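A.B. asks: next one to model:
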Amino acid sequence: MQRFIDLSHTIRHGDLTYKGLPAPIICDYLSREDSKRFYEEGTSFQIGKIEMVSNTGTYIDCPFHRYEDGKDLSAVKLKQLAQLEAVLIQVPYQETLAIGKEYFSGKNLNGKAVLVYTGWSDHWQTDQYFEDHPYITEEAANFLKDQEVVLVGIDSHNIDNTEVNARPVHTILLGEDILIVEHLNNLKALVGEEFTFSAVPPKVEGFGTFPVRAYASIK
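C.D. replies: You can find the predicted model right below:
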């Protein structure tokens, strides 16, 4: 029987995803109590309202996030987002923060989603999450590009080193139409498993980033 593993963080009112960006505001647009006046007795509904930046929770980056003429969320094909053959690369953050090419060499990555499990998601919603986080190096990004992977995900604050202003990993991967998923969660559940990966956002025109319900399907 197929098993599903949720790899997403829950989006909650006031929870920060990225330092310097506003937290989501989640509230009622129409509360159950207020809705009662529109319906017969015993019937009520809730309509929710959320105000947030697109970089909230576990989210996907597509080329438009980095490139003005890149594909936005409405142009990305479902075959790039759903039921992708995937491989887990385990790089404990205690071992290194700079994840180099050597961690990917010798593995069958062509045409696959590559998920990097560092354990950094354990720091989610703490001050430590935003500082000195694991990231992929420029050399590793070029290697992944040459391997023709379809997506790269990480359970960290950013796939790039945020101690500097350059973003070479975003530049390299999104420039080759390789999607990025950041702020993954619960990757430890995939150790030793064969699985497919899915991370599907809404079909929004003019957006390059949006939250996803990322999950793995265990074979």
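
A.B. asks: buried set for stretch 52-61?
C.D. replies: Across stretch 52-61, burial judged by 16 or more other CB atoms under 10 Å covers Met52, Ser54, Asn55, Thr56, Gly57, Thr58, Tyr59, Ile60, Asp61. C-betas here are computed from N, CA, C, even on glycine.

A.B. asks: let me redo that: stretch 73-81
C.D. replies: Using 16+ other CB under 10 Å as the test for burial, stretch 73-81 gives Leu73, Val76, Gln80, Leu81.

A.B. asks: quick one: which helix or strand includes the residue nearest the centre of the chain?
C.D. replies: In the chain, the centroid-proximal residue (CA atoms, centre = their mean) is Val181; its distance is 2.9 Å. Assigned by DSSP states H and E, Val181 falls within strand 179-182.

A.B. asks: just the CA coordinates of that strand, formatted as CSV?
C.D. replies: Output of strand 179-182 as CSV, limited to C-alpha atoms (Å, rounded to 0.1, in the frame of the first residue of the first chain):
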residue,chain,number,x,y,z
LEU,A,179,12.8,24.3,-9.8
ILE,A,180,13.8,24.9,-6.2
VAL,A,181,11.9,24.0,-3.0
GLU,A,182,13.0,25.6,0.3
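
A.B. asks: and after that strand, which helix or strand comes next?
C.D. replies: strand 195-198.

A.B. asks: before we move on, the earlier item: in this structure the residue nearest to the centre of the chain contacts Ala199, no?
C.D. replies: Yes - with contact defined as CB atoms under 8 Å, Val181 reaches Ala199; the gap is 5.1 Å.

A.B. asks: please tabulate the buried residues of stretch 73-81 in TSV, including the columns pLDDT, distance to Leu174 and secondary structure.
C.D. replies: Output for the buried residues of stretch 73-81, formatted as TSV (pLDDT from 0 to 100; distance: CB to CB, whole Å; DSSP: H, G, I helix; E, B strand; the rest coil):
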residue	pLDDT	distance to Leu174	secondary structure
Leu73	98	13	coil
Val76	98	11	coil
Gln80	97	12	helix
Leu81	98	15	coil
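
A.B. asks: thanks again, I'm all set now.
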